[in-house]
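1. coordinates only, sequence not included:
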């Protein structure tokens, strides 16, 4: 008994009129009935044929791997895949591995084993890739034609401050004066030197609708819905459309890893009704540039923070806030003296309601950095614990990497097959007589597509390899032992923040912080071990744990020019 899976795929109903998923399944079912197949599953995919991993096709692969079916039926080759690379992966990772019978309604059983059948399958894939690329080119030219007529193509939301009228070539943008008043106000206040945060706070207090409220495009409301943020203001201020020019073709591809930014000379200008004049727009850009330069110039103090960039706020992470929720270094002044802290930026956002701000209290830099370094020094007293932890981390990380490494191995196997096919085709071309120009041209086309497929496969391997979790190795241990041996010899090797950070990074130490009754609490993470940290009170007598720590200078001294590293070798008891 032949058990068959019927597979249908479309990228979108618009692109595949007359060949909907239901229509494809119906025709595949008729073919299966005439062949005497037993249909065990009907699977539909609304996904591009340029990708191997697809929701529906993943189910096909799983069923075949579980031996629930031995035959795959598709309407035609372009419904199965659109590129030579994907066809190559399907051939090596599915058809050959599990000895699957492949049938296309358009031409019957597909022979992928014999040299002739493999060549025909490759030629069909070349044709499908060519026509797919050609269709993209036609659509792109259509978009360019619309742009040249002053029309912004696409189905996305309307730009804040504008409304669309007409359809397709008759589409035009018109200014919404109610929103335009707000946009002009934002540009003018920034150009006059007003702080972005203050503008956001004022707009929120006045109840001015945000862009998402004005367009009703945000169906699922976030907690900060209706709140003006600096990010919203930056998007408005940097958008040249408000000065009369909307730039299209700034990117190529879709969102994610395929997205690439085009050089400026390839951008396509589309005239828009201007809400602000060019002089005001340029003045706002100059003001923004000034804000950025101030932030960059004030970053020297970050070099004195041992744990900068590797502390996470547990409050924000537990709330599901986007991003890495990194706690950032901060420097405050009191009576002319600087005080160093770690602080969650979401705890000081005044445009948020108090209950929406992060409750994490500021963490004195010296308390946290010294606590981490005490932990590191304690490790040197117990080398057996280091070895045990590293070995456990190695095993855990390898288990977590197993699935990705398996995919990489499959890709490398496919690449090896494609390189072998490439060599065989070159040998075949060399054996052809000089007058066989048509055959040589066809082989050249196949070889060109194979080159593209191999390059695509190599890139996928590179991207997947970058996602593998770091596994502790002997080099990381060597850095630790190097410092330990030198300390035993009386050398102050880790006597600067930079050298200490090198040891911290080698040990893969990170910290998460939270607040408990208004006091900061910290947990250290080290290759799978979670250890609570004791933030000892390093402040002068008479000051409580919530008071500011002792002042420090940018070079790490205690204010009198003397470096203060309480756990260096000369300070040990």
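-> Arrived safely. Not measured: the values here are computed from a predicted model.
2. can we go C-alpha only for contacts and neighbour counts from here?
-> Will do.
3. Any stretches of the stretch 251-400 of the chain with poor pLDDT?
-> Low-confidence segments of the stretch 251-400 of the chain (pLDDT under 70): 253-259, 290-303, 320-324, 333-336, 349-353, 380, 383-387, 389-390, 393.
4. Tell me which helix or strand in the chain has the weakest average pLDDT.
-> Lowest on mean pLDDT, DSSP states H and E among the helices and strands of the chain sits helix 474-488, with a mean of 61.
5. Following that one in sequence, what is the next regular element?
-> Heading C-terminal from helix 474-488, the first helix or strand you meet, by DSSP states H and E, is helix 497-506.
6. gap between that next one and the chain center?
-> Centroid separation for helix 497-506 versus its chain: 27 Å, with CA atoms, centre = their mean, to the nearest Å.
7. which secondary structure elements does the helix or strand that comes right after that helix contact?
-> Using DSSP H and E, the next helix or strand after helix 497-506 towards the C-terminus is strand 509-516. Counting contacts by 3 or more CA pairs under 8 Å, 6 or more residues apart in numbering; DSSP states H and E, strand 509-516 is packed against strand 311-313, helix 314-318, strand 519-526.
8. If we use 10 Å, what do you get?
-> Applying 3 or more CA pairs under 10 Å, 6 or more residues apart in numbering; DSSP states H and E, we find strand 509-516 packed against strand 311-313, helix 314-318, strand 363-364, helix 365-380, helix 497-506, strand 519-526, strand 529-533.
9. pLDDT on that strand, on average?
-> For strand 509-516, the mean pLDDT works out to 86.
10. That strand versus helix 497-506: what angle between them?
-> 90 degrees (axes from the mean of the first three to the mean of the last three CA atoms, to 10 degrees).
11. Paired strands for strand 509-516, with orientation please.
-> Sheet pairing of strand 509-516 (DSSP bridges) gives strand 311-313 (parallel), strand 519-526 (antiparallel).
12. how about residue 163, secondary structure?
-> strand (DSSP: H, G, I helix; E, B strand; the rest coil).
13. my guess is it meets residue 178, correct?
-> No: the pair residue 163 and residue 178 fails to qualify as a contact (CA atoms under 10 Å) at a distance of 11.6 Å.
14. of the two, who's got more company?
-> The neighbour comparison of residue 163 against residue 178 (other CA atoms under 10 Å) goes to residue 163, with 14 against 9.
15. What's opposite that one in the beta bridge?
-> Taking DSSP bridges as the rule, residue 163 bridges to residue 174.
16. Now do the host helix or strand of residue 394: which elements does it pack against?
-> Assigned by DSSP H and E, residue 394 belongs to helix 383-431. When contacts are defined as 3+ CA pairs under 10 Å, 6+ apart, helix 383-431 sits against helix 84-90, helix 115-148, helix 365-380, helix 437-466, helix 474-488, strand 519-526, strand 529-533.
17. of all the ones you listed, which lies closest to residue 340?
-> Closest of the helices and strands packed on helix 383-431 to residue 340 is helix 365-380, at 5.4 Å (criterion: CA to CA).
18. Let me know which of the helices and strands packed on helix 383-431 is tucked in deepest.
-> Of the helices and strands packed on helix 383-431, the one with the most neighbours on average (mean count of other CA atoms under 10 Å) is helix 84-90, at a mean of 24.
19. hmm, back to that, what's the least confident stretch among the helices and strands packed on helix 383-431?
-> Among the helices and strands packed on helix 383-431, helix 474-488 scores lowest, with a mean of 61.
20. where do the strands sit along the stretch 101-250 of the chain?
-> Ranges of strands in the stretch 101-250 of the chain, per DSSP state E, counting those that start in this stretch, are 101-104, 108-109, 162-165, 172-175, 245-248.
21. Which strands border the last one, and is each parallel or antiparallel?
-> The strands beside strand 245-248 in its sheet (DSSP bridges) come out as strand 268-271 (antiparallel).
22. cool, and the second one?
-> Using DSSP bridges, strand 108-109 pairs in its sheet with strand 101-104 (antiparallel).
23. The strand it pairs with: how far from the chain's middle?
-> Distance, stretch centre to chain centre, for strand 101-104: 37 Å (CA atoms, centre = their mean).
24. average model confidence for it?
-> Here the average pLDDT along strand 101-104 is 92.
25. which residues make contact with that strand from outside it?
-> Defining contact as CA atoms under 10 Å, 6 or more residues apart in numbering, one finds that strand 101-104 is touched by 2-6, 28, 31-32, 69-80, 91, 95, 108-112.
26. Among the residues you listed, which are located in strands?
-> With DSSP state E as the criterion, strands contain 3-6, 71-74, 108-109 from among the contacts of strand 101-104.
27. Could you tell me the per-residue confidence at the residue nearest to residue 9 when sequence neighbours are not counted?
-> Residue nearest to residue 9 in three dimensions, not counting chain neighbours: residue 45, with 4.6 Å by CA to CA, 6 or more residues apart in numbering. Residue 45 carries a pLDDT value of 89.
28. what do you get for the one 5 residues further on?
-> According to the model's per-residue confidence, residue 50 sits at a pLDDT of 82.
29. what about the closest residue to it other than its chain neighbours, which SS state?
-> Using CA to CA, 6+ apart and skipping residues adjacent in sequence, the residue nearest residue 50 is residue 82, 5.2 Å away. Per three-state DSSP, the local secondary structure of residue 82 is coil.
30. right, and residue 82 touches residue 123 too?
-> No: here residue 82 lies out of contact with residue 123, judged by CA under 10 Å, at a distance of 12.0 Å.
31. shared neighbours, these two?
-> Both residue 82 and residue 123 are contacted by residue 129, under the criterion CA under 10 Å, 6+ apart.
32. mind listing what residue 75 touches?
-> Taking CA under 10 Å, 6+ apart as the contact definition, residue 75 lies against 6-9, 19, 23-29, 31, 103-108.
33. quick one on the thing from earlier: so can I have CSV of the helices and strands packed on strand 509-516 showing distance to residue 331?
-> Shown next, in CSV, are the helices and strands packed on strand 509-516 (distance: least, CA to CA, whole Å):
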stretch, distance to residue 331
strand 311-313, 16
helix 314-318, 22
strand 363-364, 10
helix 365-380, 10
helix 497-506, 17
strand 519-526, 17
strand 529-533, 23
